[in-house]
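Enquirer: structure, please.
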Amino acid sequence: MKFNVILFKLFLAICLFVANAHAREQVYINEALNPAKLQGSGKLTWWGFHVYDASFYRGPSANSSEFALDLRYQKSFTGNAITTRSVEEMKKLGVPDTQAQIWGKQLATFMPNIESGQNLTAIYIPKQGTTFYFEGKPLAQIPGADFSKAFFGIWLDPKTSAPKLREQLLGQNCPPPLFQEACN
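Expert: Sure thing, here's the model as predicted:
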């Protein structure tokens with residue numbers, strides 16, 4: 001009986017820890033989007049491997065220009081691998097090779113190595129560009145709507161290589177105005 005009580009208390013402590021960690025990590029997203037509203041979430045799998053969980057947030061309304069993408073990784077990757085994959089995906093969406101390489105060099109200056117369970121967040125604010133966060137702490141900002149459209153396009157562009165995840169992230173709502181996509 002005592003063992004069951006201890007086990008139950010341990011379970012409650014873990015649940016409380018997870019809930020508090022989730023609330024803490026969302027503070028910076030909520031502050032930037034004032035307030036943040038979860039639009040959709042999903043997971044990326046590749047060849048059966050769970051790569052990361054993604055959550056897409058919008059500002060106060062469903063058609064807000066500001067938005068955030070939070071990726072909680074389930075596998076470990078080097079910053080270089082994340083940068084290389086980002087550049088490859090941008091090129092698949094039509095970004096010219098030269099421009100993708102320039103942005104790749106910018107990403108490589110700050111992209112961290114990521115361990116399973118850690119998160120990387122990108123927040124887009126018009127006239128500011130994209131700010132990157134690692135585990136809730138700011139990493140860097142890349143100005144300009146062109147970079148933001150190319151980077152977030154990896155997940156939100158109609159030509160994404162992960163259409164199922166795009167559908168989960170957008171839910172029943174339209175993509176952000178940055179993508180200037182007609183929405184029914």
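Enquirer: please name every helix or strand in contact with whichever helix or strand Leu69 is part of.
Expert: Assigning secondary structure by DSSP states H and E places Leu69 in strand 67-73. Packed against strand 67-73 by the contact rule (3 or more Cβ pairs under 8 Å, 6 or more residues apart in numbering; DSSP states H and E) you find helix 2-33, strand 49-58, strand 119-125, helix 145-156. Just so you know, the C-beta spots here come from the backbone N, C-alpha and C atoms, and that holds for glycine as well.
Enquirer: mind listing what's buried in that strand?
Expert: Applying a neighbour-count criterion of 16 or more other Cβ atoms under 10 Å, the buried positions in strand 67-73 are 67-73.
Enquirer: then stretch 45-55?
Expert: Neighbour-count burial for stretch 45-55, with 16+ other Cβ under 10 Å as criterion, is recorded at 51-52, 54-55.
Enquirer: run the angle between the strand holding Leu69 and strand 119-125 for me.
Expert: Compare the direction of strand 67-73 with that of strand 119-125 by axes from the mean of the first three to the mean of the last three Cα atoms, to 10 degrees and you get 170 degrees.
Enquirer: now strand 67-73 against strand 49-58, angle please.
Expert: If you take the same axes, to 10 degrees, strand 67-73 sits at 160 degrees to strand 49-58.
Enquirer: what angle do strand 67-73 and helix 145-156 make?
Expert: Computed with the same axes, to 10 degrees, the direction of strand 67-73 lies at 50 degrees from that of helix 145-156.
Enquirer: average pLDDT for strand 67-73?
Expert: The average pLDDT within strand 67-73 is 96.
Enquirer: what lines up beside that strand in the sheet?
Expert: Using DSSP bridges, the neighbouring strands of strand 67-73 in the sheet come out as strand 49-58 (antiparallel), strand 119-125 (antiparallel).
Enquirer: what lies in contact with it?
Expert: Applying Cβ atoms under 8 Å, 6 or more residues apart in numbering, the set of residues contacting strand 67-73 from outside is 25, 29, 32-33, 36, 39, 51-59, 114-124, 152, 155, 169, 176.
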